[in-house]
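S.K.: model the following, please.
(2 chains)
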Amino acid sequence: MNLVQEILITLLIAVGSFFLVVGTVGLIRLPDVYNRMHATSKATTLGSASLLLAGFVYYGPEGAGLTSLVGIIFLFLTAPTGAHMISRSAQKMGIEFFGDAEWPGDE
Amino acid sequence: MATDPAIFSLAVQVGLVIASGLTLLAGYRVIKGPTVPDRVVALDTIATNVVAIAALYALQTGEGLFVTVSLVLAIIGFISTIAVSQYVIEGDIVK
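M.R.: The predicted structure is shown next:
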């Protein structure tokens, strides 16, 4: 492992940890299930994808590094799907927005 | 790896501590969350944090197998999120 790899991995770990912090702070602080879902689905997905990209830089393009790339693709496909399902279930349960926001087309 | 400089292993250890602490903090929303979808979102966040912990542990120990572990944990988290959200609206998972 050379110096460039080490610097790159350290930077990717810093970026990933930052996004994990942003996602969890948003989960705890935001007022509404829809806002919380926005924060967690974007931020923690970018965080975990960045950490898996650090794994790809560490292991190279074969073996475990290839598994890291598959994990990144899987996270980018499934996290918006899961967030969409949760928001649909929240809307069907009749959970209201925070404040005076409304669904579009709702009179 | 024994030849790693201190900065690399320090970064991995700091990342592990941050991810573990955030997993505990998300547990607050699981316990407190006023509605059921809040709890589902919080459990999804915990699953994503555990994926990050597994990826970091693969970097710390140098074992490539833990990357596969993180991928399997991501799959389990996705399936459980879909199943719980289906159960909440339909009252039934397999129709």
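S.K.: make it CA atoms for all contacts and neighbour counts henceforth
M.R.: Will do.
S.K.: the helices in chain B, which residues?
M.R.: In chain B, helices defined by DSSP state H lie at B:6-32, B:36-61, B:65-90, listed in chain order.
S.K.: wait, which of the ones you listed is closest to residue A:63?
M.R.: helix B:65-90 (9.2 Å; Cα to Cα).
S.K.: packing partners for that closest one?
M.R.: helix A:64-92, helix B:36-61 (3 or more Cα pairs under 8 Å, 6 or more residues apart in numbering or on different chains; DSSP states H and E).
S.K.: in TSV, list these along with mean neighbour count.
M.R.: Formatted as TSV, these follow (neighbours: other Cα atoms under 10 Å in any protein chain shown):
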stretch	mean neighbour count
helix A:64-92	19
helix B:36-61	24
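S.K.: so can I have a markdown table of those helices showing distance to residue B:74 and mean pLDDT?
M.R.: Listed next are the helices and strands packed on helix B:65-90 as a markdown table, based on distance: least, Cα to Cα, whole Å; pLDDT from 0 to 100:
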| stretch | distance to residue B:74 | mean pLDDT |
| --- | --- | --- |
| helix A:64-92 | 7 | 89 |
| helix B:36-61 | 6 | 90 |
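S.K.: can I get those in TSV with distance to residue B:17?
M.R.: Shown next, in TSV, are the helices and strands packed on helix B:65-90 (distance: least, Cα to Cα, whole Å):
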stretch	distance to residue B:17
helix A:64-92	21
helix B:36-61	9
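S.K.: for residue B:15, which of those helices is the nearest?
M.R.: helix B:36-61 (7.3 Å).
S.K.: next, the angle from that closest one to helix A:64-92.
M.R.: 170 degrees (axes from the mean of the first three to the mean of the last three Cα atoms, to 10 degrees).
S.K.: any bit of helix B:36-61 sitting next to chain A?
M.R.: Yes. Judged by Cα under 8 Å from any Cα of the partner chain, helix B:36-61 and chain A are in contact via B:37-38, B:40-42, B:45, B:48-49, B:51-52, B:55-56, B:58-59.
S.K.: closest one of these to residue B:83?
M.R.: residue B:40 (10.4 Å).
S.K.: give me the pLDDT for the nearest residue to that closest one once chain neighbours are set aside.
M.R.: Counting by Cα to Cα, 6 or more residues apart in numbering or on different chains, residue B:81 is the residue found nearest to residue B:40 once chain neighbours are left out, at 6.8 Å. Per-residue pLDDT puts residue B:81 at 90.
S.K.: shouldn't residue B:81 be in contact with residue B:44?
M.R.: Yes. The criterion here is Cα atoms under 8 Å, and residue B:81 meets it with residue B:44 at 6.6 Å.
S.K.: give me the buried positions along stretch B:12-29.
M.R.: The neighbour-count check on stretch B:12-29 (16 or more other Cα atoms under 10 Å in any protein chain shown) flags B:12-13, B:15-16, B:18-20, B:22-23, B:25-27, B:29 as buried.
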